[in-house]
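A.B. asks: Sequence first, then the predicted structure:
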Amino acid sequence: MSLLTPSVVDRQCTQSVYLVTNKVSYLPDGLTIRLLHGMTPLGQNAQADCVVNCPICGDSQVYRRFIKRDRAYWRCRNCALDFQWPVPTAAELLQYYERSYREGLYKTFVDAEQMKAQTAAYRYKVLSDKVQGSLWLDVGCADGQFLSVLHARGHAATGIDVSEVAVQRAQQRGLDARVAALEEFPANTTFDVITAFDVLEHVRNPIGFLRSARDMMHAGSYFAITTPNLNSLLRHVMGRRWYFYIPDEHLHLFSRLALDRAYRQVGLRILRCGPVGKPLTLRYGLTQFQEYNPLVYRFLRPVVQSLPGGLRDLVIPYRIGELLAVARRETY
């Protein structure tokens, strides 16, 4: 059983990749694959002929959990990471995000100004006693709501996002926002605090992403994220119908163990990690279920619509199964 590079995988395992996803995708940098000889190509009910190394711990003890919308989710037995393989290409992801910001669910979220503003203020309040520093970088800044809060509190802040549509909206608000992925951002300084809310689950190469963040930090800098919690009760109850299994965009879903191992690899120490709320309205939550979990949507729709309009649009921090992790770089 030989270890193959991604280029060899592209030539020798394309048919199996196609049967997993109905489209040809490529491996993220550094991810390897082993072909098991004598096994059949992968189909809905067949055994996998490709065993993937976990992108976090590198272990080969992984298994395919399920296929959703033609994309396969796998589980690492060693660190309890759920991840997609193969992952979409960078071009596929960018096309999806641009479309979503123009006309999809991201536009719905960005257009909900009151809810977004309260979400940004809530996040700053949660972080304000956990981090220190005046120079901030917000990764995945979208239209800049969190940047606005930072500026109002007297911080110097820069935001980056891969979506031109989102960045243009932030720039129209007079904010320092730029079109860039973290791994490609040419920072000429280090930051006191780097935030990445609801970002880690989207990236193709989590370890590469975390290394890039670390390289923009000095000793004592903080790195704060929110991300779906694979250990949450709702994930266990809902199984594959969990609303954070979003095949078009959520590529890696972390347990507390997987998150800790990923951070340790790049020299970051987690100071605090635990559940966190997200300010939402019931009306907005219902639109998410309509897209990502139609069965739950059909159940909740008559309940939500029977409520008074003011209650449907009331912004409340809900515990929906996300983690807040605050880490620090202790050496430079």
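C.D. replies: Structure's in. What do you need?

A.B. asks: The closest residue to Leu233 other than its chain neighbours - how many residues pack around it?
C.D. replies: In space, and not counting its chain neighbours, Leu233 is closest to Gly321: 7.6 Å by Cβ to Cβ, 6 or more residues apart in numbering. For every residue, glycine as well, the C-beta is placed using N, CA and C. Using other Cβ atoms under 10 Å, Gly321 has 21 other residues around it.

A.B. asks: Gly321 against Leu234, yeah?
C.D. replies: Yes. Assessed by Cβ atoms under 8 Å, Gly321 is found in contact with Leu234 at 4.8 Å.

A.B. asks: Where do the helices of the protein begin and end?
C.D. replies: When secondary structure is read from DSSP state H, the chain shows helices at 6-12, 14-21, 90-103, 105-111, 113-127, 145-152, 164-172, 206-215, 233-238, 256-266, 282-292, 294-305, 309-312.

A.B. asks: which stretches of this protein have low pLDDT?
C.D. replies: For the chain, applying pLDDT under 70 flags the ranges 1-51, 101, 103-112, 291-292.

A.B. asks: what residue is smack in the middle of it?
C.D. replies: The chain has Glu201 as the residue nearest its centroid, 2.2 Å off, counting by Cα atoms, centre = their mean.

A.B. asks: contacting residues around the nearest residue to that residue once chain neighbours are set aside?
C.D. replies: Closest residue to Glu201 apart from its sequence neighbours, by Cβ to Cβ, 6+ apart: His250 at 4.7 Å. When contacts are counted by Cβ atoms under 8 Å, 6 or more residues apart in numbering, His250 is found next to 84, 201-202, 228, 244.

A.B. asks: on that earlier part again, and the gap between the residue nearest to Leu233 and Asn229?
C.D. replies: Spatial separation of Gly321 from Asn229 under the definition Cβ to Cβ, to the nearest Å is 5 Å.

A.B. asks: Quickly list what's touching both of those two.
C.D. replies: Both Gly321 and Asn229 are contacted by 235, 275, under the criterion Cβ under 8 Å, 6+ apart.

A.B. asks: Pull up the overlap in contacts between Gly321 and Leu234.
C.D. replies: Contact criterion Cβ under 8 Å, 6+ apart; residues shared by Gly321 and Leu234: Trp242.

A.B. asks: Now do the contacts for Pro186.
C.D. replies: By Cβ under 8 Å, 6+ apart, the contact list for Pro186 reads Ala180.

A.B. asks: how far away is the residue nearest to Ala327 when sequence neighbours are not counted from Arg211?
C.D. replies: Leaving aside its sequence neighbours, Ala327 sits nearest to Leu268 (Cβ to Cβ, 6+ apart; 4.2 Å). According to Cβ to Cβ, Leu268 and Arg211 sit 10 Å apart.

A.B. asks: between these two, who's got more neighbours?
C.D. replies: Each of Leu268 and Arg211 has its neighbours counted (other Cβ under 10 Å); Leu268 has more, 23 against 16.

A.B. asks: hang on, that one packs against Arg329?
C.D. replies: Yes. The pair Leu268 / Arg329 is scored as a contact, 5.8 Å apart, by Cβ under 8 Å.

A.B. asks: Now list whatever residues contact both of those two.
C.D. replies: Shared contacts of Leu268 and Arg329, defined by Cβ under 8 Å, 6+ apart, are found at 214, 223.

A.B. asks: how about Leu230, phi and psi?
C.D. replies: phi -70, psi -20 (degrees, to the nearest 10).

A.B. asks: residues near the residue nearest to it when sequence neighbours are not counted, how many?
C.D. replies: Closest residue to Leu230 apart from its sequence neighbours, by Cβ to Cβ, 6+ apart: Ser255 at 4.4 Å. Using other Cβ under 10 Å, Ser255 has 21 neighbouring residues.

A.B. asks: try Gly309
C.D. replies: Neighbour tally, Gly309, other Cβ under 10 Å: 9.

A.B. asks: Also Thr227?
C.D. replies: For Thr227, the count of nearby residues is 24 (other Cβ under 10 Å).
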